[in-house]
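Student: Quick one, what's the 3D model for this:
(2 chains)
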Amino acid sequence: MTDIAVSAPPAKPGRSLWDDAQRRLMRNPAAVASMWAVAVLALLAIFGPMLWVHPVDEIFRDAVGIGPTLQNYHWFGTDAEGRDLVARVLFGLRVSLLVGVVATGVALTIGVAYGAIAGFFGGAVDMAMMRFVDVLYSIPFIFFVILLMVTFGRNLVLIFVAIGAVEWLTMARIVRGQAISLKRKEFIEAARAAGARPLEIVFRHIVPNVLGPVVVFATLNVPVIILAESFLSFLGLGVQEPLTSLGKLIVDGSRNMETSPWMLLFPAATMVFTLLALNFLGDGLRDALDPKDR
Amino acid sequence: MVAQAVRRLIIAVPTLLAIIIAAFLLMRAAPGGPFAAERQLPPEIERRLLAEFDLDKPPAVQLANYLGDLLQGDLGPSMKYKDKSVADIIAEGFPTSAVLGFSAVTLALLVGGALGVAAALRQNRPQDYAVMAAALLGVCLPPLVMGPVLSLVFGIQLGWMPTGGLARDEFSIPHLILPVLTLALPQIAIISRLMRASMIEALRSNAIRTARAKGLPEWQVIWRHALPVAILPIVSYLGPAIAGVLTGSFVIEQVFQLPGIGRQFVIGALQRDYTLVMGVVILYAFLIILLNLAADLLYGALDPRVRKA
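Tutor: Numbering: from 1, shown residues only, chains lettered A, B, ... in the order given. This is a model prediction of the structure:
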């Protein structure tokens, strides 16, 4: 009735670095838990503000500055202007994660390209490019972020660019180190023998192979940027009303903490939870992708 | 090593110049000026004011004049504080900021280093996990949260410490405890993690096995053989640590109402006090370059491989 299989069993697929890393990651309970936490936070950030019963900017005149209550779903209470704090926190989470992810993206794009080129070409090019990074490293960048915000007004895009432009230096150094050790490998030799042009080698062969440390750095960089944004918010230079971020909510909360501590408590707890989840995930990824470091 | 120091100092000159020019141009590009916010001035007076501060000339001339004054050590008059020079304002605020920053870095090095070593010596045991969990939490609790919370708990609820300001503008230790602690916490967290990792690696080396094999007491193995190696990553972290403390001091000085220069800078930038902003940028850029150089030289002094290279 059935044909007897005559074909050889399918060839066992080779295990790549990524397969190994994935298995190691899945075996680490802290990393798995933090992955779920990050996934939940991301979903909350994307869909939360749309799905929550109260819109972020609705003002409840009969419930100004009330504490957490089950009544009318003000689970986190309301702020000094009578806006629902759950809605504010969800929206702030969205903005904070967005700033963290996009600014990291900016830093990655610049840093990976710069570092890979410097490392691969080496010699005088490397020398000049990395001296430039050294010089930038010694600049107190926070001044320039502040000056940039003062000069060009306080919009979200500028926050991305300003923070991302500051954070790419470390990325460039990491990628350069990796590129130097990679460029002597046989597969690069092979690519060159096959006639690939230098820039093609950099972006087709070097960059994909440095992604491990890059992913780790990127994950750990998102919390750093969320903190940087909250720092700007504190100085009044972060996102502006009607937008809000976790950092801004914390700043507002700390100004009202004596009368309404929940305004500080809930945003601060959300931020600490987010940062913890991202840090655990980053540590888990590092252990999975770079086992020799354990 | 001397050659290296000299070379670094030579590179520092164009770096500083680039910083000065970039800050100068950014500040001038900002909309408004130091006198735009004040009530409408009669045109004659406004022209005299602008002329007094050189602001009626093209930016290139202003920059040239500014650099000329700077070479003679003159940071110029403040544009917002009448009858005060930028040097006066910096001289008033700097001691506060310096004491704050120096104490925080020292505290972070001592406590962070000790915690890291303690965790490494008990790797994968409860003490280790406790330190590392606390450190992770420390990284995630920004000064922005810690400052207000600490002053709420210890200052207002418990009433143990003053919440801000300085007693009669003089330094007193109780007034500095909370600010220094808040400023040092994130650095303590980072340094303890670094220290733990490098100490674990140092303890695994063959040199340590040899030291143990020849029967040295354990405290000597740690103090004389493991620690000098393990401390190197901490030394190279000094530069970023100082920059981090500097950034944090902006927040701390506001939260605890300390009259330092971090506050002056932020206020100055918002009010377009061009000369004050420039003065603070130059001071901090100079300090960071100098301290980074000092950290690198220290690294060279501690690591024989670098010393010979």
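
Student: And the strands in chain A, which stretches?
Tutor: For chain A, applying DSSP state E gives no strands.

Student: quick one: contacts for the residue nearest to the spatial centre of it?
Tutor: In chain A, the residue lying closest to the centroid (Cα atoms, centre = their mean) is residue A:222, at 2.6 Å. Contacts for residue A:222 were tallied using Cβ atoms under 8 Å, 6 or more residues apart in numbering or on different chains; they are A:97, A:100, A:101, A:104, A:278. Yep, even glycine has a C-beta here, placed from its N, CA and C like the rest.

Student: distance of it from residue B:139?
Tutor: Note on residue A:222: its distance to residue B:139, by Cβ to Cβ, to the nearest Å, is 13 Å.

Student: With adjacent residues omitted, what lies nearest to the residue nearest to the centre of chain A?
Tutor: Excluding the flanking residues, the one nearest residue A:222 by Cβ to Cβ, 6 or more residues apart in numbering or on different chains is residue A:100, at 4.0 Å.

Student: try residue A:99
Tutor: residue A:229 (4.8 Å).

Student: again with residue B:136
Tutor: Counting by Cβ to Cβ, 6+ apart, the residue nearest residue B:136 is residue A:279, at 6.0 Å.

Student: do the same with residue B:5
Tutor: residue B:297 (6.0 Å).

Student: my guess is that neighbour meets residue B:6, correct?
Tutor: No: in this structure, residue B:297 is not within contact of residue B:6 by Cβ atoms under 8 Å, at 11.3 Å.

Student: more neighbours, these two?
Tutor: More crowded of residue B:297 and residue B:6, by other Cβ atoms under 10 Å in any protein chain shown: residue B:297, with 16 against 10.

Student: pLDDT score assigned to the residue nearest to residue B:5?
Tutor: For residue B:297, the model assigns a pLDDT of 79.

Student: before we move on, which element is it in?
Tutor: helix B:274-302 (DSSP states H and E).

Student: need the strands for the stretch 1-150 of chain B, in chain order.
Tutor: Assigned by DSSP state E, counting those that start in this stretch, the stretch 1-150 of chain B shows no strands.

Student: Quick check: which ranges of it have low pLDDT?
Tutor: Applying pLDDT under 70 to the stretch 1-150 of chain B flags the ranges B:1, B:30-41, B:52-56, B:80.

Student: Show me which residues of it sit near chain A.
Tutor: Taking Cβ under 8 Å from any Cβ of the partner chain as the contact definition, the stretch 1-150 of chain B meets chain A at B:11-12, B:14-15, B:18-19, B:22-23, B:26-27, B:29-31, B:136-137, B:139-142, B:144-145, B:147-149.

Student: ok, 7 Å please
Tutor: Residues of the stretch 1-150 of chain B found near chain A (Cβ under 7 Å from any Cβ of the partner chain) are B:15, B:19, B:23, B:26-27, B:29-30, B:136, B:139-142, B:144-145, B:148.

Student: Quick one, which of the residues you listed are buried?
Tutor: B:15, B:19, B:23, B:26-27, B:30, B:136, B:139-142, B:144-145, B:148 (16 or more other Cβ atoms under 10 Å in any protein chain shown).

Student: and which of those is nearest residue A:81?
Tutor: residue B:148 (19.8 Å; Cβ to Cβ).

Student: ok, now which ones touch residue 188?
Tutor: Since no chain was named, I'll use chain A. A:182, A:201, A:205 (Cβ atoms under 7 Å, 6 or more residues apart in numbering or on different chains).

Student: not what I meant, chain B
Tutor: Residue B:188 neighbours (Cβ under 7 Å, 6+ apart): B:108, B:111, B:112, B:138.

Student: mind running it again at 8 Å?
Tutor: B:107, B:108, B:111, B:112, B:115, B:135, B:138.

Student: Turn these into JSON lines, columns for neighbour count.
Tutor: Converted to JSON lines, these look like this (neighbours: other Cβ atoms under 10 Å in any protein chain shown):
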{"residue": "B:107", "neighbour count": "17"}
{"residue": "B:108", "neighbour count": "24"}
{"residue": "B:111", "neighbour count": "18"}
{"residue": "B:112", "neighbour count": "27"}
{"residue": "B:115", "neighbour count": "24"}
{"residue": "B:135", "neighbour count": "24"}
{"residue": "B:138", "neighbour count": "21"}
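
Student: Near the closest residue to residue A:228 other than its chain neighbours, how many residues? Count them for me, please.
Tutor: Counting by Cβ to Cβ, 6+ apart, residue A:163 is the residue found nearest to residue A:228 once chain neighbours are left out, at 5.3 Å. By other Cβ under 10 Å, the residues close to residue A:163 number 27.
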